[in-house]
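Novice: Build me a model:
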Amino acid sequence: MTIDFRSFPLPLLTAVQIGVFLVSISLSANNLLAQDFAEQKAWQANMAAINLKVPKSFKIDEKAVRAAGIAKQSGKHIVLYTDVRDAKVGELISVFDKAFPQWCQLFDVNPKRADRWKMRVFLIANSKNTQRFKKSGLIPDDLPEFLAGYQRGPDIWLYLQPGDYYTSHLLIHEGTHAMMQWFLDGHGAPWYSEGMAELIGVHRWSDNTLKLNYRLQNRDEAPYWGRVKQIKDDWKTGQGMTLSDVLAIQPRAFLKVRAYSWSWAACDFFSNHSRTKELFPKVQKLTPLRPSVFNQKFRELMEPHWNELERDWALYISEMEYGYAVERGQISPAKRSNDETARFSIQSDRSWQLTDIKFEKGDRIEISSSGEFRVGQTEGSLDGSAPVAWPCQSNGITIDYYRGHPLGMLHAGLLNAEDNTPKDQIAGLINPVPIGVSSQFTAPHDGILCLRINESPASLDDNQGALEVRVEKLE
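Specialist: This is a model prediction of the structure:
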């Protein structure tokens, strides 16, 4: 049986009832607008209480935003507006909120002072199609051109990036800029501003746990990031930068990824080198200064060690890898195991170790060694078996190779500290002499003897033990 619903009488609304209904809708809309205005006014007041020096932002027409199909989600320290239709967008709110206490610790900010700090973030799905955001007023006419993200006052604009990691990285990067502006009263020179944002933005997000300023172990942990590759490519093509070059990077250079890569590397280097890791946090106090003055004060702070830093920087760049441990990779003094003869204890968990023995070009040298150390280990098995260490002696082990020689093999190199450029000074370390248990060779140039086992500074953490090395100049 077919029922014709048209045969059932429908109640008729009187003109008065219709009027009441329309008034109700109007009042609801007005109440919503009033609520939106009140929320924005309270937010502006809270932000101004944190730092009056930061200019106020524009007012958002929430009605226009909703009409444009832009969604709004909030956390404790973030309000996210986006046209991205993906359930994972909610994770960005968690990432931002979990970054907040770590930012406070990194920048020595009292969390109570910053408790009401809340940024507005505009995440745009397609950098080629921003009409929704422009029509709803979320992209002001005076917003400058930007590559992927931009922060100004209490607002952050982001283009959705390929891969979840890179979008999170960009959000943390811009959030770092915001923390510096609000709580350090400035960003400092361009290299420092962008380098710190990159350094802190490198992160690990797993099981709802966030770690900022994370030491990446391989490129799979940071898809599409590409900073390590950029530096390696520049070094190979002779376009590497000195530390002085990095300090001189201009703002317009950051319209390309290359400037971010070198600035990140510099901040990683200064944060971890033994000469600067205690000094570098003090640089935060210089951020309100103009870039030229910032760089001048920075150089004055680092000047006593600058030549050594440029030398170790060149070595760092020459062996750039994911996981590079700066303090293990820098040149460190070799430990004498005998004061009367030229015997040294060469540690397996450090890179080049500088002896006190100088040679002139043409000198004949014999180096011999003994002892056993651990270099690397197998991974634990799924059945619960523990990792197994790889024992190694001076000839190295052929289970793996580094730069064409067996892993762990004893190498020698001459540091020419008197040469003109840092790259020339470390040329003898970039092209070392393989020694093994014992070897004789002729010094190719003047220099101070350095020794190490053959392994990347990115992989020295799990090594243990040392080699006993004897050095003799032959007639």
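Novice: Looks to me like residue 142 is in a strand.
Specialist: No. When the secondary structure is assigned by DSSP: H, G, I helix; E, B strand; the rest coil, residue 142 falls in coil instead of a strand.
Novice: That one - how many residues pack around it?
Specialist: The burial metric for residue 142, expressed as a neighbour count using other Cβ atoms under 10 Å, is 7. Backbone N, C-alpha and C define where each C-beta goes, glycine included.
Novice: what's near enough to touch residue 254?
Specialist: Shown in contact with residue 254 (Cβ atoms under 8 Å, 6 or more residues apart in numbering): 147, 190, 194, 260.
Novice: Pull the most distant pair out of those residues.
Specialist: Across the contacts of residue 254, the two members that end up farthest from each other (Cβ to Cβ) are 147 and 190, 13.6 Å apart.
Novice: rewinding a little: single out whichever of the contacts of residue 254 has the smallest pLDDT.
Specialist: The member of those with the lowest pLDDT is residue 147, and it reads 88.
Novice: Need phi/psi at it.
Specialist: The phi and psi torsions at residue 147 (degrees, to the nearest 10) take the values phi -80, psi -50.
Novice: who are the neighbours in contact with it?
Specialist: Contacts for residue 147 (Cβ under 8 Å, 6+ apart) come out as 254, 255, 256, 257.
Novice: With secondary structure and pLDDT added, can I get those residues in a markdown table?
Specialist: As requested, the contacts of residue 147 are arranged in a markdown table below (DSSP: H, G, I helix; E, B strand; the rest coil; pLDDT from 0 to 100):
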| residue | secondary structure | pLDDT |
| --- | --- | --- |
| 254 | helix | 94 |
| 255 | helix | 91 |
| 256 | coil | 93 |
| 257 | helix | 94 |
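Novice: And these, which is closest to residue 140?
Specialist: residue 255 (19.6 Å).
Novice: Leaving out sequence neighbours, find the closest residue to residue 44.
Specialist: Taking Cβ to Cβ, 6 or more residues apart in numbering as the measure, residue 44 lies nearest to residue 56, with 5.9 Å between them; neighbours along the chain are not counted.
Novice: Am I right that that neighbour sits in a strand?
Specialist: No. When three-state DSSP is applied, residue 56 is found to be coil, with no strand at that position.
Novice: how many neighbours does it have?
Specialist: Using other Cβ under 10 Å, residue 56 has 11 neighbouring residues.
Novice: before we move on, what about residue 362?
Specialist: Other residues near residue 362 come to 10 when the count uses other Cβ under 10 Å.
Novice: ok, it - contacts?
Specialist: Applying Cβ under 8 Å, 6+ apart, we find residue 362 in contact with 442, 443.
Novice: Could I get the buried residue list for stretch 207-227?
Specialist: Buried positions in stretch 207-227, judged by neighbour count with 16 or more other Cβ atoms under 10 Å: 210, 212, 213, 214, 215, 216, 221, 222, 225, 227.
Novice: which ones among the residues you listed are found in strands?
Specialist: Residues of those located in strands (DSSP state E): residue 210.
Novice: Return the member of the buried residues of stretch 207-227 nearest to residue 322.
Specialist: residue 216 (5.0 Å).
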